[in-house]
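Novice: mind folding the following:
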Amino acid sequence: MIDDFAKEYLHSDLRQMREAMLWKVDGLGEYDIRRPLTVTGTNLLGLVKHLSVWESRYFGEVFDRPFPEPLPRWDDVGERGADLWATEHETREEVIGRYRRVWEHSDATIAALSLDSPGFVPWWPRPDVQLFNVLVHMLTETGRHVGHADILREQLDGSTGTAAEYAAPPHDAAFWEAHCARIERAATAAAATSGGRGDAAPTP
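Specialist: As a prediction, the model looks like this:
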């Protein structure tokens, strides 16, 4: 009974995180979902693409239930990083549609197997795993990238939260300017009294 409860609990959280990831691209134009927003090129549609590729592997070939669409080999050095951004020829609909098809395939694997079902992850140092290990890993991985997406979306238009109903209440620019100024004052004061620990406070 505990195994069934644990599997459903983890699976339910994974479903929620998937939906949160797609909400982060909802309502944005093509440029904003694709453009690099960090020095390493992190972008919203690329995060969706990345999650679709790796979830399809973890709940596919790891359990000898390969996802039925072509994927680059995990050990192809020439393709490394290509899953983190979308080319101009890949449409939003294609990337999101593939992610949703991956969900269906993953959900079928999760439903068919018990938590102690064996799998094999050739890119892990300890490749022998169980469904439990992979569920926890994929939930952690998805949550991590949803966190990335949350920051990126906030940079673009101020939207936060895991779904529309949980979005932060709207405030005007003056509110956020005052809020950030308060945090800045606290950071500056802490740095000034740190006794040489960490960065020095900025000079006026």
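
Novice: what packs against the biggest helix by length in the chain?
Specialist: Taking DSSP state H as the criterion, the chain has its longest helix at helix 131-157. Helices and strands in packing contact with helix 131-157 are listed as helix 2-23, helix 44-58, helix 92-112, strand 118-120; criterion 3 or more Cβ pairs under 8 Å, 6 or more residues apart in numbering; DSSP states H and E. In this view, the C-beta of every residue, glycine as well, is placed from N, C-alpha and C.

Novice: what's the mean pLDDT across it?
Specialist: Confidence for helix 131-157, expressed as mean pLDDT, is 96.

Novice: tell me the angle it makes with helix 44-58.
Specialist: Here helix 131-157 runs at 170 degrees with respect to helix 44-58, directions being taken by axes from the mean of the first three to the mean of the last three Cα atoms, to 10 degrees.

Novice: okay, buried residues for helix 131-157 please.
Specialist: 131-135, 137-139, 141-143, 145-146, 148-150, 152-153, 156 (16 or more other Cβ atoms under 10 Å).

Novice: what separates it from the chain centre, distance-wise?
Specialist: Put simply, helix 131-157 sits 3 Å off its chain's centre (Cα atoms, centre = their mean, to the nearest Å).

Novice: most tightly packed of the helices and strands packed on helix 131-157?
Specialist: helix 44-58 (a mean of 22; mean count of other Cβ atoms under 10 Å).

Novice: give me the contacts around it.
Specialist: Outside helix 44-58, the residues that touch it by Cβ atoms under 8 Å, 6 or more residues apart in numbering are 18, 21-22, 24-25, 28, 32-34, 37, 67, 69, 71-72, 74, 83-86, 90, 92, 95-96, 98-99, 102-103, 105-106, 121, 134, 137-138, 141-142, 145, 148-149, 152-153.
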